[in-house]
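**Student:** need a structure here:
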Amino acid sequence: MTAYGIIASDLDPSSAIAPQVYARLRDAIIRNRFAPGDRISESEIARACEVSRQPVREAFIKLAGEGLLAILPQRGTIITKISYTAVLDARFLREAIEADIVAILAQDSDEQLVVDLRRQLQAQVNVADSKGFIELDERFHRTLADAAGKRGAWRLIEGLKSQMDRVRFLSLRQFPVAKLIAQHTAIVDRIEAGDGPGANTAIRGHLREVLSDLPQIQAAHPDFFDLPDGEIPGPVNAPI
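**Tutor:** Residues are numbered from 1 along each chain as shown. From the prediction side, this is the model:
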């Protein structure tokens, strides 16, 4: 199935079309079903989805706002490269927000939340592949935000971390699933113990792990990245 077919599949005609096209196209870009520089056609997507061009245009505009598309007058629409700087910025902002989220949860540890999180940890252990783990990882972090009453903050994070997620899918072959699960477990342990500083340290270390191999990932996929000033940055090793 082509990427256009994936975007068109299972659209619900009773719901707004633009958000559905946006979500499917964003997922296809993040999972690298399109490569940077690929041209995509508003008219072809509309035809594949059997919809007018207006909802597709709305989806394109939103994706361009996230830096995933470049709409070039008279030249068409292309998939952007991964902005190295945007990845680092997203990591920085996500860490700041989620460190506060786990501190809130540790202040008043909820037994039922801990039970739910430990069930999620077991599902992560049982997952068969790295792609499946990424979906469970998203659920884990979203659960933390929801439990802290910070659903709006999580929506902000989702909008910021598109480029970061593209890197994660590029790194599937070297994805340290066991290590990441151990880090999730440490976060839950600290929340259950009511240890705010410990939870803060645990989640900061976890989120920095995602980027620990960023220079190597860039070197393996140089055509996917837009580097600052055209230079390859050094290792990302921010102190906790």
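
**Student:** look up how far residue 83 lies from the residue nearest to residue 84 when sequence neighbours are not counted.
**Tutor:** Leaving aside its sequence neighbours, residue 84 sits nearest to residue 227 (C-beta to C-beta, 6 or more residues apart in numbering; 5.1 Å). In this view, the C-beta of every residue, glycine as well, is placed from N, C-alpha and C. As judged by C-beta to C-beta, to the nearest Å, residue 227 and residue 83 stand 9 Å apart.

**Student:** again with residue 171
**Tutor:** The value you get for residue 171 to residue 83, if C-beta to C-beta is used, is 16 Å.

**Student:** ok, residue 40 next?
**Tutor:** Residue 40 is 19 Å from residue 83, by C-beta to C-beta.

**Student:** could you do residue 104 as well?
**Tutor:** 31 Å.

**Student:** what mean pLDDT does the longest helix seen in the chain have?
**Tutor:** Longest helix of the chain, by residue count under DSSP state H: helix 84-107. Taken as a whole, helix 84-107 has a mean pLDDT of 94.

**Student:** what packs against it?
**Tutor:** Packing partners of helix 84-107 (3 or more C-beta pairs under 8 Å, 6 or more residues apart in numbering; DSSP states H and E): helix 130-147, helix 151-160, helix 162-170, helix 177-192, helix 196-209, helix 214-220.

**Student:** so which of these is the most surrounded?
**Tutor:** With neighbours defined as mean count of other C-beta atoms under 10 Å, these peak in mean count at helix 162-170, which reaches a mean of 22.

**Student:** quick one: contacts of that helix?
**Tutor:** 26, 29-32, 66-68, 82-83, 86-87, 90-91, 94, 131, 134, 175, 210-211, 214, 217, 220-221, 224 (C-beta atoms under 8 Å, 6 or more residues apart in numbering).

**Student:** what sits closest to residue 116 if chain neighbours are left out?
**Tutor:** In this structure, residue 116 finds its nearest non-sequential neighbour in residue 143, 6.7 Å apart by C-beta to C-beta, 6+ apart.

**Student:** hang on, isn't the one you found packed against residue 118?
**Tutor:** No. If you go by C-beta atoms under 8 Å, residue 143 and residue 118 don't touch, sitting 11.5 Å apart.

**Student:** circling back: and residue 40 and residue 83? Which one has more around it.
**Tutor:** Taking neighbours as other C-beta atoms under 10 Å, residue 40 and residue 83 compare with residue 40 leading, 21 against 18.

**Student:** pull the contacting residues for the more buried one.
**Tutor:** Contacts of residue 40 by C-beta under 8 Å, 6+ apart are 25, 34, 69, 77, 78, 79.

**Student:** how about it: which residues does it bridge to?
**Tutor:** Applying DSSP bridges to residue 40 yields these beta-bridge partners: residue 77.

**Student:** and the gap between it and residue 81?
**Tutor:** From residue 40 to residue 81 the distance is 15 Å (C-beta to C-beta).

**Student:** got it, and residue 103?
**Tutor:** From residue 103 over to residue 81 (counting by C-beta to C-beta), the distance is 35 Å.

**Student:** same check on residue 172?
**Tutor:** 19 Å.

**Student:** mind checking which of these two has more residues around it?
**Tutor:** Taking neighbours as other C-beta under 10 Å, residue 172 and residue 81 compare with residue 81 leading, 19 against 15.
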